[in-house]
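**Q** Fold the following, please.
(2 chains)
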Amino acid sequence: MRRVGGLVVALAAVITGGCSAGGDGLTVFGAASLAEVLPTLDGSPAYQFAASDTLAVQIREGARADVFAAANERLPDELFAAGVVARPRVFATNRLVILVPTANPGRVRAIADLGRPGVRFVVAAEGVPVGDYTREAFARVGQPTLVERAASFENDARSVVAKVALGEADAGIAYATDARAAADTVSLVEMPARAQPEIRYAVAVVTAARNGDAARAFVRRLLGPDGRAALTAGGFGVP
Amino acid sequence: MSRTGAVIGVGALGLTLSFLILPIVGIVSRVGPLDILRQLSSKTAQDAIMVSLTTSLMAHAIILVVGTPTAYVLATRRVPARELIVSLIEMPLVLPPAVAGIGLFAAFGSQGLLGESLDVIGLRIPFTRAAVVMAIVFVASPFYIRGAMAAFATVDRGLVDVARTLGAGPWRVAARVYLPLAGGGLGAASTLAFARGLGEFGATILFAGSFPGRTETLPLAIYAEFTRDFETALAIGALLIAVSLGLLVSTKLVGRMSPHARVLHPRRWP
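**A** Predicted coordinates:
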């Protein structure tokens, strides 16, 4: 009996030990669109990149993150209001583009082309920052119902890019920075300035961070000259 | 020693049960029955129920119509390279669904193997309801074919020989001996495959995308609602738990009613 107990304890230790691998390192939860740029700024933290709204739910449900870098201000603001993160700071801006496969089989050259019969385009789902921005952009050009003609509501910006890069979608709406990452398979169609929503990325230190000092240092670096240089090189705007 | 063995056994059983049951208890305890009903009447849930129901039924019809003769031939005839064929058919059982998803793209997508030929006849499968049906057929059919083969294999060959001696042709043997005697096993396999198809996620979200009312099935709706409306996600989860439990219990019941039990105990024949 005692031996069994010992075995269970040993097993539990192995399992939990395995889970906290990475020890006292920094864990950064970042918007999927930041996946290329953040590691060029600082390669040492453990990164998790996903749709910002998914990350927000995970942090709210107790995921061990030290820093939350989101693709909008709303999600960090909501977590701040709930006391889950410290006050968010805006660190980057971005803009929306229409991505098309390089051969552009749907001959998409403007937002209006998306509504043409036979053009199959994908957008991100509502609630995902890039999905909300897309809906805002369609509304700004007076076509709020265009989104209903999409072939699919994808779960983050990267899935949108992937469907276009595969050639399965004739077009997709994502960030200009996404187009750079897939430049060999997709081309970029600019959207007019009047369609552009205000896209502002905000970062915040998680209140329950195990590594608060390192988290604050990371945020300072992101907001400082190093961060601005890396973001600019990655195609982002800086506030 | 044997006492230690018993303690380990009971302990392991307790661990297994509580680990498997706790998440289900967690879902049910976070939403009350009234909440579930209210959330399930939302448009998101209603759309997803319709999509899941229609695609699962269509996929299931295909699985039964094509899978039954396949299983019959493999179980009752000498087939060259049978083991290899069966292994290929069983592949989706062990394949990650994400692999199934990109595989379906690679075969039936616009840039896929058959993409150009499909384009010629004006068929673009990805992101359509047909894509959902194909994803379900791909991942669920091995569950049916495997069970159906086992059911056909347990039919007493003596009875088959008797029927043949009495002059029954192959169609008659299949229809009057094999099908009724394997019926219980076929029913159980069919139920299991349906349950697996209803829960299909990975291949669907890649190959069919996610659009409410068209390709967003119940599991996809859970994923979409996870960040948008956790209550709805929980309610759909609870619905799927109830349906899965019902299907599993009916599998056990149908299996027990299998007529071949009577064949194995001829004295109980009426």
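
**Q** Wait, A:A181 touches A:E36, no?
**A** Yes: with contact defined as Cβ atoms under 8 Å, A:A181 counts as touching A:E36 (5.3 Å). Any C-beta I mention is one placed from the backbone N, CA and C, and that applies to glycine too.

**Q** If you count surrounding residues, which of these two has more?
**A** More neighbours surround A:A181 than the other of A:A181 and A:E36, with 19 against 14 (other Cβ atoms under 10 Å in any protein chain shown).

**Q** Give me the phi and psi for A:A70.
**A** phi -110, psi 160 (degrees, to the nearest 10).

**Q** burial measure for it, as a count.
**A** 29.

**Q** Pick out the residue closest to the middle of the chain.
**A** No chain in the question, so chain A it is. A:A31 (2.4 Å; Cα atoms, centre = their mean).

**Q** My question was about chain B, not that one.
**A** B:A193 (1.7 Å).

**Q** Quickly find the element holding that residue.
**A** Element membership of B:A193, judged by DSSP states H and E, is helix B:179-198.

**Q** Give me the helices and strands touching that helix, please.
**A** helix B:43-76, helix B:129-153, helix B:230-256, helix B:260-264 (3 or more Cβ pairs under 8 Å, 6 or more residues apart in numbering or on different chains; DSSP states H and E).

**Q** deepest of these, which one?
**A** helix B:129-153 (a mean of 24; mean count of other Cβ atoms under 10 Å in any protein chain shown).

**Q** So what angle separates the directions of it and helix B:230-256?
**A** Here helix B:129-153 points in a direction 30 degrees away from that of helix B:230-256 (axes from the mean of the first three to the mean of the last three Cα atoms, to 10 degrees).

**Q** Make sure I have this right: A:A92 is in a helix.
**A** No: read with DSSP: H, G, I helix; E, B strand; the rest coil, A:A92 is strand and lies in no helix.

**Q** For it, name its beta-bridge partners.
**A** Counting by DSSP bridges, A:A92 is bridged to A:Y201.

**Q** For it, give me its contacts.
**A** Residues near A:A92 by Cβ atoms under 8 Å, 6 or more residues apart in numbering or on different chains: A:200-201, A:231, A:236-239.

**Q** Contact residues of chain A facing chain B?
**A** A:1, A:3-4, A:8, A:51, A:53-54, A:56-57, A:120, A:122, A:125-128, A:150-155, A:163, A:166-169 (Cβ under 8 Å from any Cβ of the partner chain).

**Q** Return the members of those residues classed as buried.
**A** Neighbour-count burial (16 or more other Cβ atoms under 10 Å in any protein chain shown) applied to those gives A:51, A:53-54, A:56-57, A:120, A:122, A:125-128, A:150-155, A:163, A:166-169.

**Q** So which of the residues you listed sit within helices?
**A** Among these, the members falling in helices (DSSP state H) are A:53-54, A:56-57, A:163.

**Q** give me every residue that touches the residue nearest to B:T227 when sequence neighbours are not counted.
**A** Nearest residue to B:T227, sequence neighbours excluded (Cβ to Cβ, 6 or more residues apart in numbering or on different chains): A:D53, at 4.0 Å. The contact partners of A:D53, by Cβ under 8 Å, 6+ apart, come to A:75, A:127-129, B:227-228.

**Q** Dump those into a markdown table; add pLDDT as well.
**A** Listed next are the contacts of A:D53 as a markdown table, based on pLDDT from 0 to 100:
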| residue | pLDDT |
| --- | --- |
| A:L75 | 95 |
| A:G127 | 88 |
| A:V128 | 90 |
| A:P129 | 92 |
| B:T227 | 77 |
| B:R228 | 78 |
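
**Q** Just give me the neighbour total for B:E83.
**A** Using other Cβ under 10 Å, B:E83 has 8 neighbouring residues.

**Q** Following the chain past the helix or strand of chain A with the lowest mean pLDDT, name the next helix or strand.
**A** Least confident helix or strand, chain A: helix A:2-19 with a mean of 45, by mean pLDDT, DSSP states H and E. Using DSSP H and E, the helix or strand that follows helix A:2-19 in sequence is strand A:27-31.

**Q** how far does that following strand sit from the chain's center?
**A** In this view, strand A:27-31 has its centroid 9 Å away from the chain centroid, taken as Cα atoms, centre = their mean, to the nearest Å.

**Q** Just checking: what are the partner strands of that strand?
**A** When DSSP bridges is applied, strand A:27-31 pairs with strand A:46-50 (parallel), strand A:67-70 (parallel).

**Q** now for those, which one comes closest to B:R38?
**A** Relative to B:R38, the nearest member of these by Cβ to Cβ is strand A:46-50, separated by 29.6 Å.

**Q** Residues contacting that closest one, please?
**A** By Cβ under 8 Å, 6+ apart, strand A:46-50 touches A:22, A:25-32, A:34-35, A:38-39, A:55, A:65, A:156.

**Q** Looking at those residues, which two lie furthest apart in space?
**A** Pairwise distances across those peak at 24.6 Å for A:G25 and A:D156 (criterion: Cβ to Cβ).

**Q** who touches the residue in chain A that chain B sits nearest to in this structure?
**A** Using Cβ to the nearest Cβ, the single residue of chain A nearest to chain B is A:S152, 2.6 Å away. A:S152 makes contacts with A:122, A:163, A:169, B:127, B:208-211, B:215, as judged by Cβ under 8 Å, 6+ apart.

**Q** repeat that for 10 Å
**A** The contact partners of A:S152, by Cβ atoms under 10 Å, 6 or more residues apart in numbering or on different chains, come to A:120-125, A:159-160, A:163, A:168-169, A:172, B:126-127, B:131, B:205, B:208-211, B:214-216.

**Q** Likewise for B:R214?
**A** A:151-152, B:47, B:50-51, B:127-129, B:131-132, B:208.

**Q** how about it, phi and psi?
**A** phi -120, psi -60.

**Q** was I right about A:K163 contacting A:A151?
**A** Yes: using Cβ atoms under 10 Å, A:K163 is in contact with A:A151, at 8.3 Å.

**Q** Pull up the overlap in contacts between those two.
**A** Contacts common to A:K163 and A:A151, judged by Cβ under 10 Å, 6+ apart, are A:120-122, A:169-172, B:126-127, B:209.

**Q** out of the residues you listed, who's nearest B:L118?
**A** Nearest member of the shared contacts of A:K163 and A:A151 to B:L118, counting by Cβ to Cβ, is B:P126, at 10.2 Å.

**Q** Now do the closest one against A:E168, distance only.
**A** Counting by Cβ to Cβ, to the nearest Å, the separation of B:P126 from A:E168 is 5 Å.
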